[in-house]
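In: Provide a 3D model corresponding to the input given below.
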Amino acid sequence: MASAQGALASDYDAAAQTPLTFASGTTSLTFDVTINDENIVELEEFLSVIVSNLAASGRDVTVVDDTGIITIVDNDTAALSISLVTAPGTLTEDSGAVTFDIALSNPVAVPVTINYGGVNPLMPSSYDDFAGGAGSVTFETFVNATQQVTLDVFDDAIVELDEDFTIQMFGLDAGAIQDADNTDVTVGGPTAAFTVIDNDSAIFSINDVSVTEDHHGHDVATLTVTLDTAVDVPVDVQFDTTDGTAISVDNGINGHSDFVAVVAGNLRFAGTAGETQTITVRFNGETVVELDETFTTTLSNVVAQGREADITIPDPIGTVTIENDDSATVDIQEVVSVNEDAGTADLLVTLSAPV
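Out: You can find the predicted model right below:
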């Protein structure tokens with residue numbers, strides 16, 4: 001008769017305990033065991049056919065080997081596949097989620113675990129664009145019901161291009177089945193591609209400053225430019241000065257210009273949130289009495305490898321005020337002597353500094 005040794009009952013049909021009778025002169029008989037061709041991926045299995053209860057009418061007949069071993073070599077395989085439940089088309093970072101099915105084509109005699117993650121082909125080793133990054137599902141022993149998973153798009157605060165993604169599987173663990181033959185359980189390709197639309201923007205700002213003119217020599221006015229939000233690539237911005245009441249050419253009054261003009265200057269930002277860079281503009285001191293004067297520095301022409309539309313400069317102008325520190329006095333000659341017949345007396349009036 002047949003008895004299962006580690007084999008599942010469905011692997012074969014158990015034979016009844018039917019006596020085998022050797023007719024006189026017969027030396028061999030066939031004992032048939034029906035093997036069932038199921039779809040479970042499993043290791044090789046064994047069952048025993050046992051001969052017992054010999055009856056030979058008193059003849060000298062003995063059982064030398066009472067057990068025959070049948071090895072059932074498995075011929076099944078299973079494939080893991082992943083597919084989008086509903087093609088999402090385009091998603092936005094702040095409201096997007098993608099749902100997909102992971103299917104196992106046949107049941108497996110051990111638990112099967114597979115990892116999954118949303119992958120950007122430009123950054124194949126990163127799963128940071130989805131909340132929770134990568135995940136995994138496990139198909140329990142002999143269970144291959146399709147599993148549905150949803151990944152939420154991670155709403156980061158980084159200005160970047162719209163990105164195309166697929167959901168792919170990796171890191172198969174099929175235990176002893178995989179150890180015995182790594183082709184018995186296979187992993188299929190990724191899902192169809194979908195697009196995640198970036199919802200972030202950044203702003204450049206520039207401050208206003210006031211400086212004291214000083215009586216002589218030169219000094220610099222320092223303006224600070226700030227990038228408020230992170231950008232995933234370096235960002236350049238141009239700056240230029242513009243004359244106001246302070247001028248960058250000699251007007252013939254004080255012998256030099258009020259400040260040194262800057263044309264097509266450039267600042268490069270690494271792209272860090274809150275990053276600052278400074279602009280320095282030289283201004284000149286003199287002794288002319290005048291009103292406070294101003295000139296401006298204007299930001300323009302953002303360059304950010306295709307992200308320019310998301311990086312704006314709402315207020316591109318930083319004003320530099322040069323505060324006058326000069327003063328003058330008027331003095332008149334206190335004493336003058338003239339002859340009575342001179343007709344007029346001339347008194348000298350002086351201004352201590354040019355105005």
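
In: CA only for contacts and neighbour counts going forward, please
Out: Noted.

In: name the residues that touch stretch 158-172?
Out: When contacts are defined by Cα atoms under 8 Å, 6 or more residues apart in numbering, stretch 158-172 is touched by residues 82, 112-121, 187-202, 229-233, 306-307, 310.

In: domains in the chain, by residue range?
Out: Here the domain parsing of the chain from automatic domain parsing is 1-75, 78-197, 202-323.

In: can you put the ones you listed in JSON lines and add distance to residue 339 and mean neighbour count?
Out: Shown next, in JSON lines, are the domains of the chain (distance: least, Cα to Cα, whole Å; neighbours: other Cα atoms under 10 Å):
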{"stretch": "domain 1-75", "distance to residue 339": "135", "mean neighbour count": "12"}
{"stretch": "domain 78-197", "distance to residue 339": "88", "mean neighbour count": "17"}
{"stretch": "domain 202-323", "distance to residue 339": "38", "mean neighbour count": "17"}
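
In: wait, which of these is closest to residue 337?
Out: Among the domains of the chain, domain 202-323 comes nearest to residue 337, with 33.2 Å by Cα to Cα.

In: I'd assumed residue 309 was in a strand, is it?
Out: No. According to DSSP: H, G, I helix; E, B strand; the rest coil, residue 309 belongs to no strand; its state is helix.

In: can you list the weak-confidence ranges in the stretch 51-200 of the chain?
Out: 121-129, 131-133 (pLDDT under 70).

In: quick one: the strands in it?
Out: Using DSSP state E, counting those that start in this stretch, the strands of the stretch 51-200 of the chain run over residues 67-72, 78-84, 90-92, 97-104, 112-119, 135-139, 147-152, 158-159, 163-173, 185-187, 194-197.

In: after the last one, which helix or strand is next?
Out: Proceeding N to C from strand 194-197, the next assigned helix or strand is strand 202-206, under DSSP states H and E.

In: distance from the chain centre to that next one, please.
Out: Mean C-alpha position of strand 202-206 versus that of the full chain (Cα atoms, centre = their mean, to the nearest Å) differs by 23 Å.

In: that one pairs with which strands, and in what direction?
Out: Its sheet considered, strand 202-206 pairs with strand 218-227 (antiparallel), strand 311-312 (parallel) by DSSP bridges.
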